[in-house]
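1. Sharing a model that was predicted from the sequence below.
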Amino acid sequence: MRKVHLYPDMTLEEIMRAWPSAISVILRHRMLCVGCPITAFHTVTEACRAHRVDEGVFLEELRVAIAGG
């Protein structure tokens, strides 16, 4: 598995543009970020807080999806 440089202060738009495979994780957590205009401004931390998603779990799932696992 290759190293993924993913940080909690990245916006969800940055993540989805760089790694489209991350979209499945966002949808699986029932986050409404795909297609939302706030996505350009919401960081991972802010989105997790707003959607009551555990940030640590979310970041790990993103890393796995992005790395192809």
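-> Sure thing, it's come through.

2. Let me see the ranges of the helices in the chain.
-> 12-18, 22-28, 44-51, 55-67 (DSSP state H).

3. helices or strands up against the first one?
-> Meaning helix 12-18. helix 22-28, helix 44-51 (3 or more CB pairs under 8 Å, 6 or more residues apart in numbering; DSSP states H and E). Using the backbone N, CA and C atoms, a C-beta is placed for each residue, glycine as well.

4. what does stretch 28-44 rub up against?
-> Here stretch 28-44 makes contact (CB atoms under 8 Å, 6 or more residues apart in numbering) with 6-13, 15-16, 23, 26-27, 47, 50-51, 53, 55, 58-59, 61-62.

5. Now list the buried members of these.
-> With burial judged by 16 or more other CB atoms under 10 Å, the buried subset of the contacts of stretch 28-44 is 6, 10-13, 15-16, 26, 47, 53, 58-59, 61-62.

6. tell me the least confident of these?
-> Among the buried ones among the contacts of stretch 28-44, residue 6 has the lowest pLDDT, at 89.
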